[in-house]
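**Q** could you work out the structure for the sequence below:
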Amino acid sequence: MLSCCLCPSVDQDDINRQNAAYCTGLLVQANPEQASPFLPQLLSGLHTFFRADEAAGARDNAAGAVGRIMLAVPQALPLGQVLPVFLGALPLQVGNCACILLMLCVKEAVAVRCVQAH
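**A** Got it, this is the predicted structure:
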């Protein structure tokens, strides 16, 4: 199911791309154990949504998806690689619905980094 979510990452339709990113985040959030083995592929697929020429809604949903993944499986993420891209997508451009989620993600990511550093 997760691979189906990222198939539209190469789609030209902005709405399909936006929905694919959103769906990816929700599926990982709901099934973190089952999704963990696929995180490298999922993050790679989501990375395409962070290009400068990406539609704002798709980029916002990709940021939300990464945020959900960060909350669901923070220990499984290469935070040194994920955080700069994630933070570069902020602030959201289209809607503010995910702002609280994203700020919680930043807080948790900083906490995880502090624990990893000690």
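**Q** which stretches of the chain have low pLDDT?
**A** For the chain, residues meeting the criterion pLDDT under 70 lie at 1-11, 95-98, 112-118.
**Q** and the residue sitting nearest the centre point of the chain, what element?
**A** Nearest residue to the geometric centre of the chain (Cα atoms, centre = their mean): residue 66, 1.6 Å. In this assignment (DSSP states H and E), residue 66 forms part of helix 56-72.
**Q** can you pull out the helices in the protein?
**A** 2-6, 14-30, 32-35, 39-47, 56-72, 79-88, 99-117 (DSSP state H).
**Q** pick the most buried one from the ones you listed.
**A** Mean neighbour count (mean count of other Cβ atoms under 10 Å) peaks for helix 56-72 among the helices of the chain, with a mean of 24. (Glycine included, C-beta is placed from N, CA and C.)
**Q** now find how far off-centre that helix is within its chain.
**A** 3 Å (Cα atoms, centre = their mean, to the nearest Å).
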